[in-house]
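> Here you go, sequence then predicted model.
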Amino acid sequence: MDLHLFVKGLILGFAIAAPVGPIGVLCIRRSLAEGQRAGFATGLGAATADALYGCVAAFGLTAVSAFLVQQRFWLGLVGGVFLCYLGIRTFLASPAENAEVPVRGSLIGAYLSTFALTITNPMTILSFVAVFAGLGLVGSTSYVDACGLVLGVFIGSGLWWLLLSSGAAMLRGKVGPSLMAIVNRVSGVIIFALGVYSLIGLWK
């Protein structure tokens, strides 16, 4: 396995995950409300989707990428509606009485929700294809090196979510029920607004 490709994948995964969008808002909110594990599980869902799209780009699977791009309207529609749903659910969520007591939530649910959000975003595959093509990586590497590249993307993305969820969870004990209620309302509005924006963009 080419170590340089692995490092490139690591950097790419971290860089693509780092901009704070709806997944970042969800990660922060869940880390505050449910603890670091819930926040990290949220991020890992996005990291897994990033790795899958990285596979498509790294292995030069043009038929798959073309199909996903052709279905971008329906994928975007599902993703936008799901974002709106998560926004409403977050807005209506009741804060725990004691922020230091872990909230029992489904880590699998947290993981799957962000996996679904990321996998239904057609811009993700376009981003990977564009970046990989710009670096001359599309279809030009061996299977072993391509696997190393994708592994780097997953670890790099996962590292960002680990840092973000850990940082947010450090503030958990300082966030009381009243402040957590505000966090829920603000997060819900942001996520819902991003969902609406995503849906409007489908008709542009």
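Arrived safely, thanks for sending.
> Who are the contact partners of Val150?
Listed by CB atoms under 8 Å, 6 or more residues apart in numbering, the contact partners of Val150 are 9, 51, 54-55, 58. (C-beta placed from N, C-alpha, C; glycine too.)
> what's the model's confidence in the helix or strand hosting it, averaged?
Using DSSP states H and E, Val150 maps to helix 143-169. The average pLDDT within helix 143-169 is 87.
> Flag every buried residue along that helix.
Using 16 or more other CB atoms under 10 Å as the test for burial, helix 143-169 gives 145-162, 164-165, 168-169.
> which one of the contacts of Val150 sits closest to Gly76?
Within the contacts of Val150, the smallest distance to Gly76 is 20.1 Å, found for Gly54 (CB to CB).
> ok, which stretches of the protein are helices?
Per DSSP state H, the chain carries helices over the ranges 3-17, 22-34, 36-58, 62-70, 72-92, 107-119, 122-134, 143-169, 177-201.
> what comes up buried for stretch 76-92?
Buried positions in stretch 76-92, judged by neighbour count with 16+ other CB under 10 Å: 76, 78-80, 82-84, 86-87, 90-91.
> Could you pull up the residues touching the residue nearest to Phe192 when sequence neighbours are not counted?
Leaving aside its chain neighbours, Phe192 sits nearest to Gly87 (2.8 Å; criterion: CB to CB, 6 or more residues apart in numbering). Contact analysis of Gly87 by CB under 8 Å, 6+ apart lists 188-195.
> Would you mind measuring from Gly87 to Tyr143?
41 Å (CB to CB, to the nearest Å).
> same thing with Leu75?
Taking CB to CB, one finds Leu75 at 27 Å from Tyr143.
> ditto for Lys8
Lys8 sits 17 Å away from Tyr143, taking CB to CB as the criterion.
> Thought Leu12 was touching Gly152, still the case?
Yes: taking contacts as CB atoms under 8 Å, Gly152 lies within contact range of Leu12: 7.3 Å.
> Counting neighbours, which of the contacts of Gly87 comes out on top?
Within those, most neighbours by other CB atoms under 10 Å means Ile191, with 26 neighbours.
> got a list of what Ala193 touches?
So Ala193 contacts Gly87 (CB under 8 Å, 6+ apart).
> Could I get the pLDDT score of it?
On the pLDDT scale, Ala193 gets 88.
> and if you look at Ile200?
86.
> what angle separates the helix holding Val150 from helix 36-58?
Angle of helix 143-169 versus helix 36-58, following axes from the mean of the first three to the mean of the last three CA atoms, to 10 degrees, is 150 degrees.
> Is there a neighbour count for Gln71? I'd like the number.
14.
> Tell me the pLDDT of it.
Gln71 is given a pLDDT of 71.
> State the distance from it to Ala47.
23 Å.
> again, but for Gly201
Distance from Gly201 to Ala47, by CB to CB: 24 Å.
> Which one (most neighbours) among the contacts of Val150?
Gly54 (30 neighbours).
> Could you pull up the contacting residues of the closest residue to that residue other than its chain neighbours?
Once flanking residues are discounted, Gly54 sits nearest to Val153: 4.1 Å by CB to CB, 6+ apart. Applying CB under 8 Å, 6+ apart to Val153 gives the contacts 9-10, 12-13, 16, 50-51, 54.
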